[in-house]
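Asks: Build the 3D model from these lines:
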Amino acid sequence: MTDSKYFTTTKKGEIFELKAELNSDKKEKKKEAVKKVIASMTVGKDVSALFPDVVNCMQTDNLELKKLVYLYLMNYAKSQPDMAIMAVNTFVKDCEDPNPLIRALAVRTMGCIRVDKITEYLCEPLRKCLKDEDPYVRKTAAVCVAKLHDINAQLVEDQGFLDTLKDLISDSNPMVVANAVAALSEIAESHPSSNLLDLNPQSINKLLTALNECTEWGQIFILDCLANYMPKDDREAQSICERVTPRLSHANSAVVLSAVKVLMKFMEMLSKDLDYYGTLLKKLAPPLVTLLSAEPELQYVALRNINLIVQKRPEILKHEMKVFFVKYNDPIYVKLEKLDIMIRLASQANIAQVLAELKEYATEVDVDFVRKAVRAIGRCAIKVEQSAERCVSTLLDLIQTKVNYVVQEAIVVIKDIFRKYPNKYESVIATLCENLDSLDEPEARAAMIWIVGEYAERIDNADELLESFLEGFHDESTQVQLQLLTAIVKLFLKKPTETQELVQQVLSLATQDSDNPDLRDRGYIYWRLLSTDPVAAKEVVLAEKPLISEETDLIEPTLLDELICYIGTLASVYHKPPSAFVEGSRGVVHKSLPPRTGSSESAESPEAAPSAGQAAEQPAVIPAQGDLLGDLLNLDLGPPVSGPPLAASSVQMGAVDLLGGGLDSLMGDESEGLRSDVGGSPAMGGSGFTAPGPAAPAAMGAPLGSGLGDLFDLTGGVGTLSGSYVAPKTVWLPAMKAKGLEISGTFSRQVGSISMDLVLTNKALQVMSDFAIQFNRNSFGLAPAAPLQVHAPLAPNQSVEISLPLNTVGSVMKMDPLNNLQVAVKNNIDVFYFSTLYPLHILFVEDGKMERQMFLATWKDIPNENEAQFQIKDCSLNADAVSSKLQGSNIFTIAKRNVEGQDMLYQSLKLTNGIWVLAELRIQPSNPSFTLSLKCRAPEVSQYVYQAYDAILKN
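Replies: Here you go, the predicted structure:
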């Protein structure tokens, strides 16, 4: 008979009977009684009153009975801590039992009894079991350490259990190794600062050896541990990848995903031109495809992970489109996920196939799926330009089906296609207008209204169409009301005579009759624009719109890199970092992929010698902020600081309101501020500034000499200047975009100080004054070293030349491209924003010449994958001319050799943030193309250094 009989009794007075049976002399009766107690406990009855009687049954050789008693003990020890101590003696005895199963059972139960009073009694038995001769006992003891650490971390550390655990990583038995790794990982997660899993090549080797022999869950623990290791170079990364690859063919999908995570992470370190890199890409596809033949729930998890992998490395699955085609019996959640991946993999090569599939899906019965399929057709049109025409005709066919929800989705995506390809497919507008009456969803109505407003001049009855929407204005959703307001204003600006009444009607509906603040505000803005300056209104409302990008739902790159490190966990299914859904911050460590190559220079590197204290600043080279969109409206408008970085309190004034008069305070008092009057030398300091520290270079201000006129002819008393190349001025902010203010300029570097040379031209009809300038955070911390001085108000049609001194002690944030600078300029009319690219050579410092020995050592020390090669074409200078021209811009030649008739120049330069760049320039006398090889610890800089070389040598 089965044990189910124990669960069927509902007698009263049962506890009393059980007590008698537990104290019976007959072994069988005892066992029956304990089974009954466990059954009662399982169904939720309180049998804690029997605690002493059950504990008495512990003294037995019967393994089954012992297990049952231990189970009872785990459950009730917490509520009866004083009685639980009675059991300690038996534990200690059981830990020395000749049967390893009993020893392991005792140690396992000890770990589960979460009672503080007992824990110290358990240390001795645990220590013995950690060194037990039987691997089964050792592997159980390893997990017990993690459990004990959770109850009393201090005790575990004091007793030296962590060191014993670390020793178990070198154990001869693979299961012990796996459990030791699991325990250490668990402990390390709850204490991120402790460097418990201090992995080195030797221990990694042991883990990889154990990997082949332990159980599947052991393999997962080891693979997860490997994923947290940072190989020292690409060779080590490759050898780990080679030994992990066989796990891809494992039957357990969790092992496969953990192996994929390790490979995806270490592939970052492999050069793309390696043969092995290509082989690895090929090996990653089959296991991912195999995961899709599992049950739907597993498929879903696999698809969510594949979605991340495809965003990071689409080349892995680019030939596997067919496996993502939807099967008729797939659950809806799998279908939608497959659709998403199909679009990500769509390319010119497979678009015909994809479109045929999507058209098929659009006739399915599942409404959600059909909607997503129609939307997917639109996304394909935006992603693959060659297919746009085909997609539009497919969408038109679907509109002809007159199926309501299909028509509505089609109109929403056609709006996006119009945004991506303006003036190409507008011929379909007539067809869209025929379906106006059938639209009942807010998004579709809003899209249709946008189309009518945007192309009002092509639609004869645009006013009638919009008027028909206006009748039920208050019943519409906010989204539709906002679109309707904008569309009617557009229509009015295009056909002012016919639509005056209409626009007044909508403005009064939006402002006086509406209680939605967004709608009211937009209505008032349009009302004021139209009443004060119709020309400006036209420029604002009918401005050219930026084209939309194809992948609007891509995960932001830094988040994607973090999620790749969590493949095979919940984070990869939610597509959110663990910190977003794990309660409390415990155990959430932000992970990131290894840099493509060693990015920041280490303190031991030979470069540490040239400038003391430079090594300490190294990590701050170019921090990649989570959010790379430098928002100019969030500028910390503290006064620009000259000289060394000052204490934060004296620098940051908080965010001053750009649109208020906040920037006026930056101007300082003109008499005290930075004066660059003709003939006067610049005085540093001034009101609103913290005086520069002693380290501020004297040449920080505007160049000396007779004022701004002779900026580049500074011979009077300064000594000869290095002839750094200055690019010709270009227009940065056209007058059209800045209410008549035109700004053109360039950047220059003279005697160690950087300046922004500006020409401000007033092309408006009113006088301009109160100028101020502010930079957004940027890759190298460029910031104004003084206020923008425009001494007299700028009259119409007048220009003024200004040299604005810059320093590099501003806030740092990595920009894309690296040399992008976002600028805000304020005057009495408004605040204007523009961005410009500065040439990197303005950041090449004067002490950038490295000694020969240092150069050789550093060149060898920087890994080869950090080397980048470029061609400088159409340059007819000889080696000496090249050398002297580059020296003018602080690129120093360290050595020159002639190899087989070609000149090799070895050069070094240093950037303001302490990054060294080493170069080898190969010049063949008859060939106008030079080969430039650059090596640097921050390889993202190389491309911009090449651009600087190219500009200097060709001008």
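Asks: Domain map for this protein?
Replies: Each domain of the chain is listed here as a residue range: 3-244, 346-438, 441-543, 730-840, 843-954, per the TED database.
Asks: I'd like to know the average pLDDT value across the first one.
Replies: Same thing as domain 3-244. Averaged across domain 3-244, the pLDDT comes to 82.
Asks: picking up where we left off before, okay, the domains of the chain in a markdown table with mean neighbour count next?
Replies: Where C-beta positions appear, they are placed from N, C-alpha and C, glycine not excepted. Output for those, formatted as a markdown table (neighbours: other CB atoms under 10 Å):
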| stretch | mean neighbour count |
| --- | --- |
| domain 3-244 | 17 |
| domain 346-438 | 18 |
| domain 441-543 | 17 |
| domain 730-840 | 19 |
| domain 843-954 | 18 |
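Asks: Quick check: which of those is nearest to Tyr566?
Replies: Taking CB to CB as the measure, the domains of the chain were each checked against Tyr566, and domain 3-244 came out nearest at 9.2 Å.
Asks: Mind checking the domains of the chain for the one nearest to Ala571?
Replies: Relative to Ala571, the nearest member of the domains of the chain by CB to CB is domain 3-244, separated by 12.7 Å.
Asks: could you list every residue that touches Leu843?
Replies: Contacts were defined as CB atoms under 8 Å, 6 or more residues apart in numbering; by that measure Leu843 touches 749, 754, 780, 808, 911-913.
Asks: wait, which of the domains of the chain is closest to Leu560?
Replies: Taking CB to CB as the criterion, Leu560 comes closest to domain 730-840 out of those, the separation being 14.9 Å.
Asks: mind checking which of the domains of the chain is nearest Leu559?
Replies: Proximity to Leu559, assessed across the domains of the chain by CB to CB, is greatest for domain 730-840 (15.3 Å).
Asks: Tabulate the domains of the chain in JSON lines, adding columns for distance to Asn329.
Replies: Output for those, formatted as JSON lines (distance: least, CB to CB, whole Å):
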{"stretch": "domain 3-244", "distance to Asn329": "29"}
{"stretch": "domain 346-438", "distance to Asn329": "12"}
{"stretch": "domain 441-543", "distance to Asn329": "29"}
{"stretch": "domain 730-840", "distance to Asn329": "45"}
{"stretch": "domain 843-954", "distance to Asn329": "47"}
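Asks: Out of these, flag the one nearest Pro594.
Replies: Nearest to Pro594 among the domains of the chain is domain 3-244 (5.7 Å), distances taken as CB to CB.
Asks: Helix, strand or coil: sort out Thr836 for me.
Replies: Secondary structure state of Thr836, per DSSP: H, G, I helix; E, B strand; the rest coil, is strand.
Asks: Leaving out chain neighbours, which residue sits closest to Tyr524?
Replies: Counting by CB to CB, 6 or more residues apart in numbering, Tyr524 lies nearest to Thr511, which is 5.7 Å off, once chain neighbours are set aside.
Asks: what's the answer for Cys57, then?
Replies: Val69 (5.3 Å).
Asks: For the helix or strand encompassing the one you found, name the packing helices and strands.
Replies: Applying DSSP states H and E as the criterion places Val69 in helix 63-76. Taking 3 or more CB pairs under 8 Å, 6 or more residues apart in numbering; DSSP states H and E as contact, the helices and strands that helix 63-76 lies on are helix 27-42, helix 51-56, helix 100-112.
Asks: What are the contacting residues of the longest one?
Replies: This means helix 27-42. For helix 27-42, the surrounding residues in contact (CB under 8 Å, 6+ apart) are 3, 6-7, 9, 14, 18, 21-22, 24, 47, 50, 54, 57, 60, 62, 64-65, 68-69, 71-72, 75.
Asks: go again using 6 Å as the cut-off
Replies: Applying CB atoms under 6 Å, 6 or more residues apart in numbering, the contact partners of helix 27-42 are 6-7, 18, 21-22, 24, 47, 50, 57, 65, 68, 75.
Asks: Report the two of those separated the most.
Replies: Pairwise distances among the contacts of helix 27-42 were taken by CB to CB; the largest, 22.5 Å, belongs to Ser24 and Asn75.
Asks: How is Leu909 classified with respect to secondary structure?
Replies: Here Leu909 is strand, with the state taken from three-state DSSP.
Asks: Provide a list of residues in contact with it.
Replies: 844, 848, 891, 917.
Asks: Also Ala881?
Replies: Shown in contact with Ala881 (CB under 6 Å, 6+ apart): no residues.
Asks: Quick check: the gap between it and Leu909.
Replies: Spatial separation of Ala881 from Leu909 under the definition CB to CB, to the nearest Å is 18 Å.
Asks: circling back: Glu360: which of the helices and strands packed on helix 63-76 is closest?
Replies: Nearest to Glu360, of all the helices and strands packed on helix 63-76, is helix 27-42, at 52.3 Å by CB to CB.
Asks: how far off helix 63-76 does the closest one point, in degrees?
Replies: Angular relation of helix 27-42 and helix 63-76 on a 0 to 180 degree scale: 30 degrees, by axes from the mean of the first three to the mean of the last three CA atoms, to 10 degrees.
Asks: picking that back up, Leu758 is nearest to which of the helices and strands packed on helix 63-76?
Replies: Taking CB to CB as the criterion, helix 100-112 is the member of these that comes nearest to Leu758, at 70.8 Å.
Asks: What helices and strands are in contact with the closest one?
Replies: Identification of packing neighbours for helix 100-112 by 3 or more CB pairs under 6 Å, 6 or more residues apart in numbering; DSSP states H and E yields helix 88-94, helix 135-151.
Asks: redo that, cut-off 10 Å
Replies: With contacts defined as 3 or more CB pairs under 10 Å, 6 or more residues apart in numbering; DSSP states H and E, the secondary structure elements packing on helix 100-112 are helix 63-76, helix 88-94, helix 116-130, helix 135-151.
Asks: Can you lay out those as JSON lines showing distance to Ile802?
Replies: Converted to JSON lines, the helices and strands packed on helix 100-112 look like this (distance: least, CB to CB, whole Å):
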{"stretch": "helix 63-76", "distance to Ile802": "78"}
{"stretch": "helix 88-94", "distance to Ile802": "83"}
{"stretch": "helix 116-130", "distance to Ile802": "72"}
{"stretch": "helix 135-151", "distance to Ile802": "64"}
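Asks: nearest to Ile187, of the ones you listed?
Replies: Ranking the helices and strands packed on helix 100-112 by distance to Ile187, with CB to CB as the measure, places helix 135-151 first at 5.0 Å.
Asks: For stretch 289-296, which residues meet the burial criterion?
Replies: Going by neighbour count (16 or more other CB atoms under 10 Å), the buried part of stretch 289-296 is 289-292.
Asks: rewinding a little: Throw the contacts of Leu843 into TSV and include pLDDT and distance to Ile802, thanks.
Replies: Formatted as TSV, the contacts of Leu843 follow (pLDDT from 0 to 100; distance: CB to CB, whole Å):
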residue	pLDDT	distance to Ile802
Arg749	90	17
Ile754	93	14
Phe780	91	22
Thr808	90	20
Leu911	91	26
Thr912	89	22
Asn913	88	26
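Asks: any idea which of these is closest to Phe418?
Replies: Minimum separation from Phe418 among those (CB to CB) is found for Phe780, which lies at 40.2 Å.
Asks: In terms of helices and strands, where is the closest one?
Replies: Secondary structure assigned from DSSP H and E places Phe780 in neither a helix nor a strand.
Asks: ok, now how distant is it from Thr60?
Replies: The span separating Phe780 from Thr60 equals 75 Å under the rule CB to CB.
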